[in-house]
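J.: A structural model of the following input is requested.
(one chain, ligands or ions: 1)
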Amino acid sequence: MSRFIINGGNRLFGTAKIQGSKNSVLPILAATILAKGESVITNCPDITDVDATVKILRHLGCKVTRTEHTVTVDSTNVDKYDIPDELMREMRSSVVFLGAIIGRMGKASLSTPGGCEIGLRPIDLHLDAIQRFGVNIHEEYAKIEFETVKHLEGTNISLSFPSVGATENIILTACLAKGTTVITNAAREPEISDLADFLNSCGARISGTGEGTVVIEGVEKLHPVQYKVIPDRIVAATYMSAAAMTHGKVRLTNIIPAHIAPVIPIFEEAGCDISVTASTLTVTAPPVLHGIKTVRTMPYPGFPTDMQAPVMAMTTVCSGTSVIIETIFESRYKHVSELLRFGSKIRVDGRMAVIEGVKKLTGAKVIASDLRGGAALVLAGAAAQGSTVIDDVKFIERGYEDICGVLSSLGCDIRAERNTTDGTTAESG
Ligand code: UD1
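T.: Numbers count the residues shown, from 1 in each chain. Below is the predicted model:
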């Protein structure tokens, strides 16, 4: 088990280059199986969710090579259509392979993804939508089998909720279907536009992403390309929180400011100065942060649920009372019990969290239980006086590339301690 050890309290200063987007790279890598041949995906973050995605691609029959930030996928010889249970469990979002596998093979076999640390996460919207393309679905003993009856037939789908994963799966299934597919109430997240941009560069005909209605005209085939993944807006906003709550000044490079726009007002309300250029953003934090009246997580372009935990960490040291309402996932407050260990004051009532800011946090021994909640603990540790130990950091490493290295370069005293297989420990800065 690996852990992070932080001696907190340093103000963070400097520049951090933002990694490629986790939520873009996973569906784009899955999509490479629709374009037979060798796709080259650049700006891939070096995170364990990409490792898990590469394992699935190799299982399906792809040849995958990887240098630091480039993943090359040769999908010429894809010959499997299942995702083994252990790979499905390793990364719940492997469900985004569903549309790609069906699009390529006409059938698929998956185990039920089940719930996770942040909620039940059902896939009913995915299944209802896939069925409409003329796919039979058979569920038995936690296995789901998909079989196209004749061919994939374009269809009209109206989502009852703008699910990110369901929208991606529909787009992936529709690309090579016969005829036109129209998704109404589609999710509008930038990562969906990135997936569509990748597929369009491969020859797909997708329009309307980023708006509520997406139209996909099916094409005969797709061709492989080289494509660069967009920057990770959630990682960028996490480092904005780090700068804010340590009263520092941090410049982020390699960002798309428009994607970060939904979180900027929160930092401004807290009293931070935010200045933006075409691809950079600088946060300058005041000596005292102000509380945030009420922030509700919403589908894009609302405030992202993925930023709920990192922003909650920030509000623990804001003066006055802040209120957060989580509307997307039903149990995304697992980090609260751990944040309390730093001496913060948080009450949770259902989906609402009320945070009474304290003057200072004190270092604590805590356990990460999910990706963004784990990142919130790193932020609290960076701001707290004294020593913090965070266990189970594997969750954090699913989505943050070298978070210790980035924060160290900004002046945080943080190091990773890893248990090696022989039971000894190894350290990295
Ligand atoms: C994606 C992101 C995740 C982010 C989330 C919301 C990836 C890999 N993951 O997850 O980081 O937190 O979007 O922005 O891109 N729902 C159903 N039935 C369904 C599908 C979803 O009820 O079939 C519910 C979910 O339980 C949840 C809500 O809809 O309450 C949002 O889920 P969704 O937008 O699908 O999120 P994910 O695609 O799982």
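
J.: in the stretch 151-300 of the chain, what residue lies closest to the ligand?
T.: residue 165 (2.8 Å; Cβ to the nearest ligand atom). Any C-beta I mention is one placed from the backbone N, CA and C, and that applies to glycine too.

J.: which residues touch the helix or strand that residue falls within?
T.: Taking DSSP states H and E as the definition, residue 165 sits inside helix 164-174. Contacts with helix 164-174, where a contact means Cβ atoms under 8 Å, 6 or more residues apart in numbering, come from 23, 27, 30-31, 34, 93, 95-96, 98-100, 102-103, 123, 125-126, 129-130, 133, 135, 152, 154, 157, 159, 181, 183, 186-187, 189, 191-192, 195-196, 199, 206, 209, 214, 216, 218, 299.

J.: next: stretch 51-65.
T.: 25-26, 29-30, 32-33, 66, 71-81, 83-84, 87, 90-91, 94, 97, 101.

J.: put the alpha carbons of that stretch into CSV.
T.: Below are the C-alpha coordinates for stretch 51-65, written out as CSV (Å, rounded to 0.1, in the frame of the first residue of the first chain):
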residue,chain,number,x,y,z
ASP,A,51,-2.9,1.6,-17.5
ALA,A,52,-6.2,-0.2,-17.0
THR,A,53,-7.5,1.0,-20.4
VAL,A,54,-4.4,-0.3,-22.1
LYS,A,55,-4.9,-3.7,-20.5
ILE,A,56,-8.4,-3.8,-21.9
LEU,A,57,-7.2,-2.8,-25.4
ARG,A,58,-4.6,-5.6,-25.3
HIS,A,59,-7.1,-8.1,-24.1
LEU,A,60,-9.3,-7.2,-27.0
GLY,A,61,-6.4,-8.0,-29.4
CYS,A,62,-4.9,-4.5,-30.0
LYS,A,63,-1.1,-4.0,-30.1
VAL,A,64,-0.4,-1.1,-27.8
THR,A,65,2.8,0.7,-27.2
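
J.: buried stuff in it?
T.: Judged by neighbour count using 16 or more other Cβ atoms under 10 Å, the buried positions of stretch 51-65 are 52, 53, 54, 55, 56, 57, 60, 62, 64.

J.: centre of the chain to it, how far?
T.: Offset of stretch 51-65 from its chain centre (Cα atoms, centre = their mean, to the nearest Å): 20 Å.

J.: for stretch 341-353, same thing?
T.: Using Cα atoms, centre = their mean, the offset of stretch 341-353 from its chain centre is 24 Å.

J.: distance between the ends of it?
T.: 16 Å (Cα to Cα, to the nearest Å).

J.: with stretch 253-270 instead?
T.: Stretch 253-270: ends 22 Å apart by Cα to Cα.

J.: tell me who's in contact with the residue nearest to residue 8 when sequence neighbours are not counted.
T.: Leaving aside its sequence neighbours, residue 8 sits nearest to residue 384 (Cβ to Cβ, 6 or more residues apart in numbering; 4.1 Å). Residue 384 makes contact with 6, 8, 9, 342, 343, 360, 361, 362, 363, 364, according to Cβ under 8 Å, 6+ apart.

J.: state the distance from residue 384 to residue 112.
T.: For residue 384, the distance to residue 112 (Cβ to Cβ, to the nearest Å) stands at 40 Å.

J.: now check stretch 27-34, is it near the ligand?
T.: No - Stretch 27-34 does not reach the ligand (Cβ under 6 Å from any ligand atom); its nearest approach is 7.1 Å.

J.: output that stretch as PDB - backbone C-alpha positions only.
T.: This file holds the C-alpha atoms of stretch 27-34, laid out as PDB (Å, rounded to 0.1, in the frame of the first residue of the first chain):
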ATOM      1  CA  PRO A  27     -13.200   7.000 -24.300                       C
ATOM      2  CA  ILE A  28     -10.800   8.100 -27.000                       C
ATOM      3  CA  LEU A  29      -8.600   5.100 -26.400                       C
ATOM      4  CA  ALA A  30     -11.700   2.900 -26.400                       C
ATOM      5  CA  ALA A  31     -12.800   4.600 -29.700                       C
ATOM      6  CA  THR A  32      -9.500   3.600 -31.400                       C
ATOM      7  CA  ILE A  33     -10.900   0.100 -32.000                       C
ATOM      8  CA  LEU A  34     -13.500   1.600 -34.300                       C
END
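
J.: let me see the mean pLDDT of stretch 37-46.
T.: What stretch 37-46 shows for mean pLDDT is 98.

J.: pull out the buried positions in that stretch.
T.: 38, 39, 40, 41, 43, 44, 45.

J.: kindly report the same for stretch 327-334.
T.: Burial within stretch 327-334, assessed by neighbour count using 16+ other Cβ under 10 Å, is assigned to 328, 329, 332, 333, 334.

J.: adding secondary structure and pLDDT, write those residues out as CSV.
T.: Below are the buried residues of stretch 327-334 laid out as CSV (DSSP: H, G, I helix; E, B strand; the rest coil; pLDDT from 0 to 100):
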residue, secondary structure, pLDDT
328, coil, 96
329, coil, 93
332, coil, 93
333, coil, 95
334, coil, 94
